[in-house]
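Enquirer: how does the following fold in three dimensions:
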Amino acid sequence: MNGWLDDVLAGYLGTVSEREFDAAFSGCLRSLGYDDIHFLHGALEFGKDFIAKRDSQQWAFQTKAGDINLGAWRQIRSQVEEMVWNDIAHPNFDSGAVRRPVLVTTGRLVGGAAAEAQQYGRSLAERTRQPRRRIADRLCRPPASRCGKVPR
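Expert: Just a heads-up that it's a prediction; the model follows:
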C-alpha cells in the first residue's frame, strides 16, 4: 500500500489505545487464517492477551499500543516470559502443541528496546529451538494478501 491508505493506517495505529486495538487485531487474526481465537486480557491472562490456533500450532499474543522504549520493554518482558513458559490460559489453550509467542505493538521498539528485545529473542530461540515469527507487519498488507495462504 502506498498513499492515503498508509496515512490512514498510520494515523489509526498512532492514536489507538491498547484496548481499542483489540477488535482490529482479532479481525486481523481471522483474516490471516487463525481460528479458535480467544481474548484473555485481564488480571489472569498470564501474558496472553489473545490465543489462537493455526496449522496445529498454539499461538499466544501480547498486544501493546504505541512505541516501546527500554523501560517499557523491561516491564513487558515479564509478560512475554509468562506467555512463553506459562501453560495457564483458556480451556482451549493446547499446552501440548508447538507454541508460538508473539509480541504485537502498534508502534515500534525505540531506543535501547530494539537491541535488548533482539538479544532476548536470540536467547529465547536458543533455549526453545523454535522459530520466531512476526505478524504485526502484516497489518499493512492489502486484504487480498492477508486472506490468502500466509507464507512461512
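Enquirer: residues touching residue 65, list them.
Expert: 16-18, 20-21, 105-107 (CB atoms under 8 Å, 6 or more residues apart in numbering). For glycine as for every other residue, the C-beta is placed from the backbone atoms N, C-alpha and C.
Enquirer: where does the residue lying closest to it once chain neighbours are set aside fall, secondary structure wise?
Expert: Leaving aside its chain neighbours, residue 65 sits nearest to residue 18 (4.0 Å; criterion: CB to CB, 6 or more residues apart in numbering). For residue 18, there is no helix or strand it lies in under DSSP states H and E.
Enquirer: distance of residue 18 relative to residue 28?
Expert: Using CB to CB, to the nearest Å, we find residue 18 at a distance of 15 Å from residue 28.
Enquirer: among the two, which residue is more densely surrounded?
Expert: residue 28 (18 against 15; other CB atoms under 10 Å).
Enquirer: need the pLDDT of that one.
Expert: Looking at residue 28, its pLDDT is 92.
Enquirer: mind checking what secondary structure it has?
Expert: helix (DSSP: H, G, I helix; E, B strand; the rest coil).
Enquirer: so what's the most centrally placed residue in the chain bridging to?
Expert: Closest to where the C-alpha atoms of the chain average out (CA atoms, centre = their mean) is residue 104, at 3.3 Å. Note on residue 104: beta-bridge partners residue 63, judged by DSSP bridges.
Enquirer: surely it and residue 63 touch.
Expert: Yes: the pair residue 104 / residue 63 is scored as a contact, 4.8 Å apart, by CB atoms under 8 Å.
Enquirer: find the residues that touch each one of the two.
Expert: With CB under 8 Å, 6+ apart as the test, residue 104 and residue 63 both reach residue 25.
Enquirer: list the buried residues for stretch 90-98?
Expert: For stretch 90-98, burial by neighbour count (16 or more other CB atoms under 10 Å) applies to residue 93.
Enquirer: can you get me the start-to-end distance on that stretch?
Expert: Using CA to CA, to the nearest Å, the end-to-end distance of stretch 90-98 comes out at 16 Å.
Enquirer: what's the offset of that stretch from the middle of its chain?
Expert: 17 Å (CA atoms, centre = their mean, to the nearest Å).
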